[in-house]
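[1] With the input below, show me the fold.
(one chain, ligands or ions: 1)
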Amino acid sequence: MLYEKIDEKEKKAQERFFIKFLNFIALDNLLKGRIGYAMVTGMSQKVDLVAICLKRVFTEEKKVKALLLTQTHGLVWVYSSIAGKARQRLELLTPGVLGSFSLRIQKAHQAVFYQGEVIESFFHLKQDYTKIEVYQKILYHIDQTQWQKKDLKNLFALIVFCFRALAFQDPKAVEAIFLIKLLMHEGVLGLELRCVECGCMLKHTYRLGGEVFCHQHALPGSKMYSMQEEQVIYHLAMTRNKQEVFKKEVSQSLLDKLQFCFSIALTS
Ligand SMILES: [Zn+2]
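    Alright, predicted model coming up:
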């Protein structure tokens with residue numbers, strides 16, 4: 001019900017957007033000053049967007065559809081022919097590529113792609129198996145947990161940040177930051193060291209999804225987190241500085257627990 005209301009509000013906002021026919025979108029400073037713009041011209045509903053390709057599916061011979069995560073329009077499915085010269089578009093419609101896309105909107109969250117250019121292909125990440133794994137998990141998690149009409153602007157910035165950080169930071173830390181920030185974004189990560197059931201203060205916690213419990217009220221299957229692990233979670237959740245956030249080490253066992261917590265909270 002709440003989502004329906006949000007959708008209705010967003011629909012009206014989008015209608016205003018189309019009527020105005022010109023709208024400027026300032027990109028997050030993570031995009032290092034690049035400015036994207038969107039222009040919708042009357043009937044044609046032509047729009048230029050900055051987006052990350054999440055996945056690509058070959059539908060029939062010489063045709064492809066791709067799911068884009070856009071800064072301003074949430075998730076958008078785009079359709080394209082890949083015959084002849086259009087084959088070059090495949091480079092842009094590749095999962096993980098950040099690009100500027102010229103689209104012709106057909107209906108809500110569906111568009112025909114006709115041209116664009118690669119901003120960043122994150123090619124360096126594809127040279128290392130551990131990095132590829134994290135990179136693919138990020139794309140997969142976004143695809144699994146988000147829905148089309150949701151405002152994904154902050155998430156878009158988070159993904160670009162994580163992809164860039166993967167080039168020179170510990171992949172475990174990058175993945176942990178991504179999981180924790182996404183749990184925060186969804187409002188399902190408790191950070192107070194107090195049992196949500198009885199309110200007692202805790203020296204170590206039990207989590208199944210994002211909520212915190214004491215030993216007595218822990219749900220079956222919960223994992224125990226030490227005080228040190230909770231401190232790392234708090235640090236990753238609350239630190240906004242892009243260098244500071246990497247100052248606490250993420251152990252493999254903490255990452256395993258966070259993956260489990262994430263799967264219960266958001267994808268089960
Ligand atoms: Zn309790």
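[2] just checking, next helix/strand downstream of the longest strand anywhere in the chain?
    Among the segments of the chain that qualify as a strand by DSSP state E, the longest is strand 46-60. Remark: after strand 46-60, the chain's next helix or strand is strand 63-70, criterion DSSP states H and E.
[3] How many residues are close by the closest residue in space to residue 200 that isn't next to it in sequence?
    Nearest non-adjacent residue to residue 200, counting by C-beta to C-beta, 6 or more residues apart in numbering: residue 214, 5.4 Å away. Glycine gets a C-beta too; all of them are placed from N, C-alpha and C. Residue 214 has 20 neighbours, counted by other C-beta atoms under 10 Å.
[4] Against residue 232, how distant is residue 214?
    Taking C-beta to C-beta, to the nearest Å as the measure, residue 214 falls 20 Å from residue 232.
[5] Please apply the same query to residue 107.
    With the distance defined as C-beta to C-beta, residue 107 ends up 45 Å from residue 232.
[6] Counting neighbours, go ahead and name the busier of these two.
    Regarding residue 107 and residue 232, a neighbour count based on other C-beta under 10 Å identifies residue 232 as having more, with 20 against 7.
[7] Report the buried residues of the strand or helix carrying that one.
    Assigned by DSSP H and E, residue 232 falls within helix 227-238. Buried residues in helix 227-238, counting neighbours by 16 or more other C-beta atoms under 10 Å, are found at 229, 230, 232, 233, 234, 235, 236.
[8] Is there a neighbour count for the residue nearest to the fifth one when sequence neighbours are not counted? I'd like the number.
    Taking C-beta to C-beta, 6+ apart as the measure, residue 234 lies nearest to residue 191, with 5.7 Å between them; neighbours along the chain are not counted. Residue neighbour count, defined by other C-beta under 10 Å, stands at 14 for residue 191.
[9] for residue 191, helix, strand, or coil?
    Each residue gets one of three states, and residue 191 gets coil by DSSP: H, G, I helix; E, B strand; the rest coil.
[10] That one against residue 235, yeah?
    No: taking contact to mean C-beta atoms under 8 Å, the distance of 10.5 Å between residue 191 and residue 235 leaves them out of contact.
[11] Can you name the residues of the stretch 101-250 of the chain that neighbour the ion?
    Of all the residues in the stretch 101-250 of the chain, those in contact range of the ion (C-beta under 5 Å from the ion) are 195, 197, 198, 214, 217.
[12] Which residue comes closest to the second one once chain neighbours are left out?
    If you skip the residues right next to it in sequence, residue 197 has residue 217 as its closest partner in space, 3.8 Å away by C-beta to C-beta, 6+ apart.
[13] Can you check my assumption that that neighbour lies in a helix?
    No: the assignment for residue 217 (three-state DSSP) gives coil, which keeps it out of a helix.
[14] need the contact list for it.
    Neighbouring residues of residue 217 by C-beta atoms under 8 Å, 6 or more residues apart in numbering: 195, 196, 197, 198, 206.
[15] Wait, the third one touches residue 214, no?
    If I follow you right, that is residue 197. Yes: with contacts defined as C-beta under 8 Å, residue 197 counts as touching residue 214 at a distance of 7.2 Å.
[16] Apply the buried test to the contacts of residue 217 and list what passes.
    195, 206.
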